[in-house]
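A predicted structure for the sequence below; I have some questions about it.
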There are 2 protein chains.
Amino acid sequence: MTPSTTIEPVFDRLLQVAVEVFAECGFRETTVREICSRAHVNVASVNYYFRSKEALYSQALAFAFRETNRLYPQDAALDKSLPPEQRLAVFINNSLHKLLDDNQLGLHSKLIAREIADPTNALDDIMETALVPQIALLEDIIRLILKEPVDKVIVQRCLLSILGQCLMFKHSRSIIDRLYPELIADAAAIQASAEHIAQFSLAALSRLTLPKEQTTP
Amino acid sequence: MTPSTTIEPVFDRLLQVAVEVFAECGFRETTVREICSRAHVNVASVNYYFRSKEALYSQALAFAFRETNRLYPQDAALDKSLPPEQRLAVFINNSLHKLLDDNQLGLHSKLIAREIADPTNALDDIMETALVPQIALLEDIIRLILKEPVDKVIVQRCLLSILGQCLMFKHSRSIIDRLYPELIADAAAIQASAEHIAQFSLAALSRLTLPKEQTTP
DNA sequence: GCTTGTATTAAACAGTTGTTTAAAATGATT
DNA sequence: AATCATTTTAAACAACTGTTTAATACAAGC
């Protein structure tokens, strides 16, 4: 048995390269041979260390989730001493950078986004461990902003509204690249986009709590 | 043996089945044998009528766009005599039904959403003919709602906010299915979700035009 | 009849896929 | 040095891929 404290070079290299290639090409389009070629290991290594290509994918996905949450922790959004409006802004800004950072490790979110858009059997395992906590956090923040207690489905719909605005930048990246490339040109632009989403969402939330006075004040 | 009930030519049958299978499995996972099998034609037919599998995909994608715009025309949203707030609500409701209708022809939007999330070479051809007009329409409506003239990028960001909320229901369907399946259970739920998006967005838009100091009444 | 052009077919092609095998290399323990 | 389990390797496997081929079927025109 290999001690869990010492890292296995081939195993680790395989996992990292797998995230890279799976994120780039998707599950089906990536070949085991491509992964092994980039990792400079034999083709049989995948079936030796992992049971199969599918098992490697599953582990790579879990690894990607762990990495994103390690590199982009939601500490400030979890800080209950801050006003919820600020926590929401932090959550959105953090999520957007998580999704859009293209430097080397944006691959993790790319793989995750791909899995969400076109799920495989591995999704269910991931949901519980990594996605549900994020959702719960956002739900809490929304509930705090909508001070008075509201129907559960309203909170859920608001959550989807906010999350949808964020995920747009990942799932519909192809459209944004073609229509408004300047909106995600650099880090400053991304931050500005995040601020817009926060502002847009806070405006909507604060309006929803008010009684049904129509557009004319 | 000639099919007595369906006298549809092989070309048309191939195109329809292609939309179905490509939407279900994506470009790469789809095999021409599967398409031909479901269409009850020989394997060579794809290369006979269309040049290649890729050409068939390209034509299937264009066909899907034509069909969605035929089945869900944006007439009411185009009606310039209506108030822009109502036109926005119609646009959103129409888009959401377009995206979520699973009856037989929701396949078209499924194929399109797949292409947006994971674009192939065929996307650029489609953008111009089918997507840009929809975007332009939404841009116009937003500009009307934000009465006073605002910066171009603000309109663009608001457009992405609204579009993101709609596309969420398609691109992240896997998440919604697992977290809040009741939100898209039936046509009534979909309509309610559409009304929420419209309300959420209108609230945000009307707030964005006002000065920001109005947090507490 | 025959010819001509199109449509359809079964079979084969050439390449790639994930996976397995069985031999060889490695490294620690005796 | 010999034994043992573990790791690495090249090669082969069987199945599947998109595409092509060459033989056929079929209709219309002469």
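Looks like it came in fine.

in chain A, which helix or strand is least confident?
helix A:106-117 (a mean of 81; mean pLDDT, DSSP states H and E).

So what angle separates the directions of that one and helix B:106-117?
180 degrees (axes from the mean of the first three to the mean of the last three Cα atoms, to 10 degrees).

and the next element down the chain from helix A:106-117?
Moving toward the C-terminus from helix A:106-117, the first helix or strand encountered (DSSP states H and E) is helix A:123-126.

Which secondary structure elements does that next one sit against?
Other helices and strands packing on helix A:123-126, by 3 or more Cβ pairs under 8 Å, 6 or more residues apart in numbering or on different chains; DSSP states H and E, are helix A:53-71, helix A:106-117, helix B:173-179. To be clear about C-beta, it is placed using only N, CA and C from the backbone, and glycine gets the same treatment.

Can you say which of these is packed in most?
With neighbours defined as mean count of other Cβ atoms under 10 Å in any protein chain shown, those peak in mean count at helix A:106-117, which reaches a mean of 22.

buried set for the biggest helix by length in chain A?
For chain A, the helix reaching the highest residue count under DSSP state H is reported as helix A:187-209. Neighbour-count burial for helix A:187-209, with 16 or more other Cβ atoms under 10 Å in any protein chain shown as criterion, is recorded at A:189-190, A:193-194, A:196-208.

Could you tell me which residues make contact with the most centrally placed residue in chain A?
Closest residue to the average C-alpha location of chain A: residue A:109 at 5.1 Å, with Cα atoms, centre = their mean. Residues counted as contacts of residue A:109 (Cβ atoms under 8 Å, 6 or more residues apart in numbering or on different chains) are A:64, A:68, A:98-99, A:101, A:170.

can you tell me how far residue A:43 sits from residue A:36?
Here residue A:43 is placed at a distance of 5 Å from residue A:36 (Cβ to Cβ, to the nearest Å).

meant to ask about residue A:125
From residue A:125 over to residue A:36 the distance is 24 Å, taken as Cβ to Cβ.

can you check residue A:49 too?
When distance is defined by Cβ to Cβ, residue A:49 is 11 Å away from residue A:36.

of these two, who's got more company?
Comparing residue A:49 with residue A:36 by neighbour count (other Cβ atoms under 10 Å in any protein chain shown), the higher total belongs to residue A:36, at 21 against 17.

Buried residues, the helix or strand containing the more buried one. List them.
Assigned by DSSP H and E, residue A:36 belongs to helix A:32-39. When burial is assessed from 16+ other Cβ under 10 Å, helix A:32-39 yields the following buried residues: A:32, A:35-36, A:39.

quick one: which of those is nearest DNA strand C?
Each of the buried residues of helix A:32-39 was scored against DNA strand C by Cβ to the nearest atom of the strand, and residue A:32 proved nearest at 3.8 Å.

Touching, that closest one and residue A:45? I think so.
No: at 9.1 Å, residue A:32 and residue A:45 do not qualify as touching, with contact defined as Cβ atoms under 8 Å.

Low-confidence stretches in chain A?
Scanning chain A with the threshold set as pLDDT under 70 gives A:1-8, A:102-106, A:210-217.

ok, 80 please
Residue ranges of chain A with pLDDT under 80: A:1-8, A:101-107, A:209-217.

still on that earlier bit, can you list contacts of the helix holding residue A:36?
Helix A:32-39 is contacted from outside by A:10, A:13-14, A:16-18, A:20-21, A:25, A:42-43, A:45-46, A:53, A:56, using Cβ under 8 Å, 6+ apart.

if you set the cut-off to 6 Å instead, what comes out?
If you take Cβ atoms under 6 Å, 6 or more residues apart in numbering or on different chains as the criterion, helix A:32-39 is touched by A:13-14, A:17-18, A:21, A:43, A:46, A:53.

Out of those residues, list just those in helices.
For those, the ones inside helices are A:13-14, A:17-18, A:21, A:46, A:53, with DSSP H as the criterion.

quick one: which of those residues is most hemmed in?
The most neighbours of any of those, using other Cβ under 10 Å, belong to residue A:18, which has 27 neighbours.

Was I right to think it contacts residue A:60?
Yes: with contact taken as Cβ atoms under 6 Å, residue A:18 and residue A:60 are classed as touching, separated by 4.1 Å.

Same list, the contacts of helix A:32-39, but as JSON lines with distance to DNA strand C please.
Shown next, in JSON lines, are these (distance: Cβ to the nearest atom of the strand, whole Å):
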{"residue": "A:13", "distance to DNA strand C": "17"}
{"residue": "A:14", "distance to DNA strand C": "12"}
{"residue": "A:17", "distance to DNA strand C": "13"}
{"residue": "A:18", "distance to DNA strand C": "11"}
{"residue": "A:21", "distance to DNA strand C": "10"}
{"residue": "A:43", "distance to DNA strand C": "5"}
{"residue": "A:46", "distance to DNA strand C": "6"}
{"residue": "A:53", "distance to DNA strand C": "3"}
